[in-house]
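> Quick check, what structure comes out for this input:
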Amino acid sequence: MPTERTSSGDPARTLQLLWRGSSSDRRRGPRRGLSIDAVVEAATAIADAEGLDTVTMRRVAKELGVVPMTLYTYVPGKAELLDLMLDAAYARMPRTDTTGQPWRQRVTAIAEENKALFERHPWAAAVTTVRPPLGPGQMAKYEHELSGLVGLGLSDVEMDDCLTHLLTFVQACARAVADARAAQHASALNDQQWWELNAPLLARVLDENAYPTAVRVGAAAGAAHSSAYDSAHAYSFGLQRILDAFAVLIGRSGDAKTPTSPHRHDAIAP
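Next up, the predicted model:
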C-alpha cells in the first residue's frame, strides 16, 4: 500500500484553507456553483472508490466538469487537497457520548470510531499523520478522544501517549486489512485458497523436525483462524492487550484513586 503524508504542502495556505469557515476567506471562487467543499467531496469520492493514488488535480477537475487550471484557483495542489480531505473526514466522524461509562468502554469507543473511519475511507489508513492536518476536524477529533482518558489520574503527556498508541494500533490493523484485500485481488485467491495451493509445495521442502515449535504453533493458529492471519481476531486481541496495559498504567497512578472527573467511579477499575 503506497503511503502519503499530511502537512507536506504550503503551511500558510493549508491552514488558511482548513480554517476558512472561521476566517474571512469564505469566497466560493471564480466559478459559480463550485466551492472548496465541492472539490474536497469530489476528491474524497474518487479516493473512496478507486484509491488515493488515482486522485490527481486533473482527475478531480474532470469529475467536476472544469479544466485543471480552474481547480488550482481553489486548492494549490494535491498536498493541500489531501489535508483538506482527511480533515473533512475527521469532521464527519460520529462521536459517541460515553460520559459516565467505564474507561474501558470509553477507550474501546475511540478505537471503534477510528476503525469505522478507515472502513469508510480505506485510503486514510495509508496516510502518515506524524505531522497532522491542523484543521478544525483534527482538533475536534483530538478533543473528543482525549475526553475518554480524562479523570484516570494520567498526566497530560500520558494521556497523549495512550491515545497515540491506540490510534497507531487501529491504523496498523486497517493497513493490514487493506494489504490483505490487495493480495487477494492480485492473486484472485483468498487466504484459504492460497494456503491450499502452497501447503503441498511447502511440505516437499520443509523439515518439520528442524522447526518443531514453528510447525506446531503455525498449525494451531492456522486451524483456529483458517488462515495465517485473521484481521478481526488480530484487532480484538490487540485491543484487549492495549486495554490491559492501560489498566496497569492507570493503576500505578496515585491520583487515579481520587480523581475529580465525573468518571471517577471507574478510574482504577480494570
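> pLDDT weak spots in the stretch 1-150 of the chain?
Scanning the stretch 1-150 of the chain for pLDDT under 70 picks out 1-3, 21-33.
> My guess is residue 71 contacts residue 63. True?
No - the pair formed by residue 71 and residue 63 falls short of the contact definition of C-beta atoms under 8 Å, at 10.1 Å. Quick note: C-beta positions are derived from backbone N, CA and C, even for glycine.
> quick one: which of these two has more around it?
Comparing residue 71 with residue 63 by other C-beta atoms under 10 Å, the one with more neighbours is residue 71, at 24 against 15.
> Could you pull out the helices in the protein for me?
11-18, 36-50, 57-64, 68-71, 78-92, 103-120, 136-147, 156-187, 191-205, 212-225, 231-251 (DSSP state H).
> deepest of those helices, which one?
Most buried of the helices of the chain by mean neighbour count (mean count of other C-beta atoms under 10 Å) is helix 78-92; its value is a mean of 23.
> just checking, what packs against that helix?
With contacts taken as 3 or more C-beta pairs under 8 Å, 6 or more residues apart in numbering; DSSP states H and E, helix 78-92 sits against helix 11-18, helix 36-50, helix 57-64, helix 103-120, helix 136-147.
> Tell me which of those lies nearest to residue 164.
For those, the distance to residue 164 is smallest for helix 136-147, at 10.2 Å, taking C-beta to C-beta.
> Check the offset of the closest one from the chain's centre.
A distance of 14 Å separates the centroid of the chain from that of helix 136-147, by C-alpha atoms, centre = their mean, to the nearest Å.
> helices and strands around it, which ones?
Counting contacts by 3+ C-beta pairs under 8 Å, 6+ apart, helix 136-147 is packed against helix 78-92, helix 156-187.
> give the contact list for the most far-flung residue of the chain relative to its centre.
Largest separation from the mean C-alpha position in the chain: residue 209, at 41.6 Å (C-alpha atoms, centre = their mean). Listed by C-beta atoms under 8 Å, 6 or more residues apart in numbering, the contact set of residue 209 is empty.
> Make sure residue 80 is actually in contact with residue 14.
Yes - using C-beta under 8 Å, residue 80 is in contact with residue 14, at 4.9 Å.
> residues in contact with stretch 135-146?
15, 18-19, 21-22, 83-84, 86-93, 95, 110, 132, 159-160, 163, 167.
> same thing with stretch 112-123?
Applying C-beta under 8 Å, 6+ apart, the set of residues contacting stretch 112-123 is 44, 47-48, 51-52, 89-90, 93-96, 124-125, 167, 170-171, 173-174, 177-178, 235.
> CA atoms only for that stretch, dumped as PDB, please.
The C-alpha coordinates for stretch 112-123 follow below in PDB (Å, rounded to 0.1, in the frame of the first residue of the first chain):
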ATOM      1  CA  GLU A 112     -14.200   1.700  17.100                       C
ATOM      2  CA  GLU A 113     -14.800   5.200  15.800                       C
ATOM      3  CA  ASN A 114     -11.300   5.200  14.100                       C
ATOM      4  CA  LYS A 115     -11.800   1.600  12.800                       C
ATOM      5  CA  ALA A 116     -15.100   2.800  11.200                       C
ATOM      6  CA  LEU A 117     -13.300   5.800   9.700                       C
ATOM      7  CA  PHE A 118     -10.800   3.500   7.900                       C
ATOM      8  CA  GLU A 119     -13.600   1.300   6.700                       C
ATOM      9  CA  ARG A 120     -15.400   4.300   5.200                       C
ATOM     10  CA  HIS A 121     -12.200   5.700   3.800                       C
ATOM     11  CA  PRO A 122      -9.700   2.900   3.300                       C
ATOM     12  CA  TRP A 123      -7.200   5.400   1.700                       C
END
